[in-house]
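Visitor: Sequence below, structure please.
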Amino acid sequence: MPKINRLVSSAPDFQARLSALCALPDNAQTIAATQKIIAAVRQDGDDALLELTERFDGHRPSLASALEVSQKAINDSLAAISRPLRDALEESASRLRRYHHHQITTSWQYTDEYGNILGERVSPLARAAVYVPGGKASYPSSALMGLIPAKVAAVNEVILSTPAPLGKIPAVTLAAAAIGGADRVFMLSGAQAVAAFALGTKSVPRADVIVGPGNAYVAEAKRQFSRHGCF
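Guide: Predicted structure coming up:
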């Protein structure tokens, strides 16, 4: 039977044990590889995205603009999945919208007895990016859970990126993007997707925030940009 770690908040070594438990493994190879990918995107922009897409996803569009999925392809994906699956995605989306609607924070202000106007202004971000993992499996739930909170919060533009092995995104992932309200969808994977959204390139816009799960390289890219105050 596996041993269960028991932490007591009042114990003298609590903070040290908690930090050790929560610490990510120091994978020097992952860190170094991610740094190289970020540096390549920073220096070469779209050219780096094309090279990295060919290396990791097995396809290379003739132009970087082809990394963006057409609106027609996104819309057509809805007809490419079964009716029960589409109904399930739409029901999930509806439930997510109802839930996140309760989290909306509104602006407020008042004038005090001295005539001072006091308050708080809540403004949506200009652009949010959602990363949806893929490759060996499809994760439409990640698309919905990333897109819908941003749409409910009235973010001006919500973009999505997901791997496209051999240039193909599963129809169910594109259908979830359509149902979730993605404004744009890109065929970008891994750390290069995070770098593209964090830095911006000629073909890929810079985002104000990046959300969504991913592999070790995605997580490391987020960590590196976060450390430098980008997000």
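Visitor: quick one: pLDDT of Arg17?
Guide: For Arg17, the pLDDT comes out at 87.
Visitor: can you list contacts of the helix or strand harbouring it?
Guide: Assigned by DSSP states H and E, Arg17 belongs to helix 14-22. Helix 14-22 has contacts (C-beta atoms under 8 Å, 6 or more residues apart in numbering) with 5, 7-8, 11. Quick note: C-beta positions are derived from backbone N, CA and C, even for glycine.
Visitor: hey, where'd the helices end up in this protein?
Guide: 14-22, 28-44, 46-57, 71-80, 83-101, 140-152, 171-180, 190-199, 216-227 (DSSP state H).
Visitor: quick one on the thing from earlier: roughly how far is the helix holding Arg17 from the heart of the chain?
Guide: From the chain centre to the centre of helix 14-22 is a distance of 28 Å (C-alpha atoms, centre = their mean, to the nearest Å).
Visitor: same thing with stretch 142-156?
Guide: For stretch 142-156, the distance to the chain centre is 10 Å (C-alpha atoms, centre = their mean).
Visitor: any idea of the mean pLDDT in it?
Guide: Rounded mean pLDDT across stretch 142-156 is 97.
Visitor: now the closest residue to Ile159 other than its chain neighbours: how far from Glu54?
Guide: Leaving aside its chain neighbours, Ile159 sits nearest to Arg184 (4.5 Å; criterion: C-beta to C-beta, 6 or more residues apart in numbering). If you measure Arg184 against Glu54 using C-beta to C-beta, to the nearest Å, the figure is 22 Å.
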